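In: Curious how this folds, go ahead:
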Amino acid sequence: MKLLMVQHHYYPSLGGGQEYAKLLSEGLVKKGHKVTVFTTNSLTNEDILSLSFTPPFLSRKKKIKPLKSKETVGGVSVKRFPVKGRFYSFNSIPEMFRSMDDFSDYDVITSYGFNLLSSFEACRKARKQGKPFILNGVDVLVPKSLPLPARVLKWFYDLSFGRYIAKNSDYIISFTEDQVKDYVKRGAVESKIGIIPPPLILKDYSSKISEAFLKRHGIKKKDKVLLYAGRLTEHKGIQDVIEELPEIRKKVPNVKFFIAGEDYGYKKSLQSLIREKGVEDSVFFVGPYRAREKELIQFFAAADLFVLPSNMEGFGIVLAEAMACGTPCIAYNIPAVREVISDGENGYLAKDRRDLSKHIISLLSSPSELKRMGENGKKSVKRLSQSTVVSDLESIYKKLLKNK
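Out: Numbering: from 1, shown residues only. Just a heads-up that it's a prediction; the model follows:
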């Protein structure tokens, strides 16, 4: 099959969504399919000229070196298009949209992301040309921390562009039952929605830790290592762990909290909070690291406990990565996370900040529970192997082509 994937950001951009698209694309190539990715010449939204409802109303926070307009990555043909500007989910990518006028070289069109204008354009033009269109969208909801005008814009998007995508996609891939319900609310037919979890290359994850790694990061045998890995943004909830750290240190004085991730404009706020709480000697910023990078995998393995205090996730693949290294996890009890954490088995689902703190203290004080949950976690992520997930996706493509 000749497959086109439309993805707002792709390798070398960092992020769970980018890694998800890359693993699926490369997995399909391994099965003999020809895969092309349409993406942007951007690494993050921070390097795009952006209009917003809050000051500064027009800004570009970062500048990056130009990316190649065409290259092959892992057997995948990647074509990058310039972004003229963005207004929340509305990205102006005129060259990409013009390239979508002719899908004759492709058998199936897939777009990643529900809240993106590129997905709307891909869906609309695939339908016009009689090509099967699959929405691989796990971002139905948006953070509650967005300003009110942005949430109103999202409401309008759901009623217009979003509803069009939901109703006109030949198939929708989601991660959870809750996401299925969200799509049905927006007009999708439930029989055309399937749950396929994100893949992992399990052999890349290990519990081995080098002495050089421990020395490099000042980790001693007596230390209790708490890890967060992901974007540094408000909705990821890192601040909740820092708020509770003074209380955690009373019970676990040798705790060290490592924060591994790329700053999305929130690091200074976190640093200020760290100083305010007087925990400078217990919190360490590291990275950012690329997915499956050896240093990050060693952090997963070295951590006694992984924490994801986010209030919104598409799936929480980082939890599965930690589990693949034998590390139990704690996260807030939100829909997507419940697909990964079985409460009390491979980690804990916390109700609120205090509950989060209570579970952190409890687990860091119980080596036997850490070991039990770590072993359970390793078993629970075997279902996410790349070959299994890609085979499920391949079956959907074949069925759509047969019925089109």
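In: any chance you could map the helices in the stretch 251-400 of the chain?
Out: 267-277, 294-302, 317-324, 353-364, 367-380, 386-403 (DSSP state H, counting those that start in this stretch).
In: and among these, the most buried is which?
Out: Highest mean neighbour count of these: helix 317-324, a mean of 27 (counted as mean count of other Cβ atoms under 10 Å). Backbone N, C-alpha and C define where each C-beta goes, glycine included.
In: where exactly do the strands run in the stretch 151-300 of the chain?
Out: Per DSSP state E, counting those that start in this stretch, the stretch 151-300 of the chain carries strands over the ranges 171-174, 193-195, 224-229, 255-260, 283-286.
In: Let me have these in TSV, extended by mean neighbour count.
Out: Formatted as TSV, these follow (neighbours: other Cβ atoms under 10 Å):
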stretch	mean neighbour count
strand 171-174	24
strand 193-195	16
strand 224-229	23
strand 255-260	21
strand 283-286	17
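In: Using CSV, lay out those strands together with mean pLDDT and distance to residue 142.
Out: Shown next, in CSV, are the strands of the stretch 151-300 of the chain (pLDDT from 0 to 100; distance: least, Cβ to Cβ, whole Å):
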stretch, mean pLDDT, distance to residue 142
strand 171-174, 94, 16
strand 193-195, 93, 20
strand 224-229, 98, 21
strand 255-260, 98, 23
strand 283-286, 97, 26
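In: now for the ones you listed, which one comes closest to residue 237?
Out: strand 224-229 (8.9 Å; Cβ to Cβ).
In: what distance separates that closest one from the centre of its chain?
Out: 18 Å (Cα atoms, centre = their mean, to the nearest Å).
In: now what about it, what contacts it?
Out: 219, 236, 238, 241, 252, 254-261, 287, 289, 296, 299-300, 302-309, 318, 321-322, 327, 360, 364 (Cβ atoms under 8 Å, 6 or more residues apart in numbering).
In: picking up where we left off before, can you redo the helices of the stretch 251-400 of the chain as JSON lines with distance to residue 192 and mean pLDDT?
Out: As requested, the helices of the stretch 251-400 of the chain are exported to JSON lines (distance: least, Cβ to Cβ, whole Å; pLDDT from 0 to 100):
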{"stretch": "helix 267-277", "distance to residue 192": "41", "mean pLDDT": "98"}
{"stretch": "helix 294-302", "distance to residue 192": "36", "mean pLDDT": "94"}
{"stretch": "helix 317-324", "distance to residue 192": "24", "mean pLDDT": "94"}
{"stretch": "helix 353-364", "distance to residue 192": "37", "mean pLDDT": "97"}
{"stretch": "helix 367-380", "distance to residue 192": "28", "mean pLDDT": "96"}
{"stretch": "helix 386-403", "distance to residue 192": "10", "mean pLDDT": "92"}
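In: how about JSON lines for these, with distance to residue 213 added?
Out: Output for the helices of the stretch 251-400 of the chain, formatted as JSON lines (distance: least, Cβ to Cβ, whole Å):
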{"stretch": "helix 267-277", "distance to residue 213": "23"}
{"stretch": "helix 294-302", "distance to residue 213": "5"}
{"stretch": "helix 317-324", "distance to residue 213": "16"}
{"stretch": "helix 353-364", "distance to residue 213": "20"}
{"stretch": "helix 367-380", "distance to residue 213": "18"}
{"stretch": "helix 386-403", "distance to residue 213": "26"}
